[in-house]
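Asker: Prediction below, plus the sequence it came from.
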Amino acid sequence: LNYRIRTTQFIVLITRNKIQPCATLDERIGFQRLVFRKSDIESMFRQLGYISIYEVSKILNVQKSRISCWRTKGFIKGYNKNFYKVSDLEQFVHNYIPLTTLMKMHPTIVCGKNFYKWLEKRGVEPVSGPTKDEGGVYLYQKSSKLMEIMGLKSWD
C-alpha cells in the first residue's frame, strides 16, 4: 500500500486495531504467511489520521519526489518519508499551492514556464522551485496578492 513502515510497527498497529488476516499462504513462513484486506489496512491508517505519500501525490497532483523535497525543505511535515498526517497535509494545502495547481485555475496559460514568468512579472515569487532552491516543482505561498492576480475570490 506504499506505507513503507517496519514490520514491527505494522504488527503493533494491527494488534492494537484488532485487524485479522483474511487468509494464510502455505508456502510462506512467519508473519509473511498472513494476508490482509487492503481496505482494512487503509481504513486503519485513515482512522489513525495518516495518509501515504502516494495518496498525497495524487491529491496534490505532483510526483512523490516533489513531496519528499518539500518535506526535506520543511514545507510539509511528515511522520516519515512515506507517511504523512492528514492534519499536516491540510496545513500544507492551507498555506501553499504548487504551480501545477495554479495553472489549472488559469483560463489560457497552459505552459508551466510561461506561467512562472507571468507570475514573476506581477511580483509573485515562488517559495521553492528549480530557480529558487533547486526544488522540482514551483511552490507558492498562498496570499491575497496571488489570489487577486489569479482573479479568485477564495482558495476554495
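Answerer: Done, it's in. Residues are numbered from 1 along each chain as shown.
Asker: List the residues that contact the residue lying farthest from the centre of the chain.
Answerer: Centroid-distance maximum for the chain: Asp26 at 36.9 Å, with Cα atoms, centre = their mean. By Cβ atoms under 8 Å, 6 or more residues apart in numbering, Asp26 lies in contact with Arg33. Every residue, glycine included, has its C-beta placed from N, CA and C.
Asker: For the residue nearest the centre of the chain, identify the helix or strand it belongs to.
Answerer: Ranked by distance to the mean C-alpha position of the chain (Cα atoms, centre = their mean), the top residue is Val56 at 2.6 Å. Assigned by DSSP states H and E, Val56 belongs to helix 53-60.
Asker: Which secondary structure elements does that helix sit against?
Answerer: helix 64-73, strand 83-85, helix 86-95 (3 or more Cβ pairs under 8 Å, 6 or more residues apart in numbering; DSSP states H and E).
Asker: List the buried residues in that helix.
Answerer: Ile53, Glu55, Val56, Ser57, Leu60 (16 or more other Cβ atoms under 10 Å).
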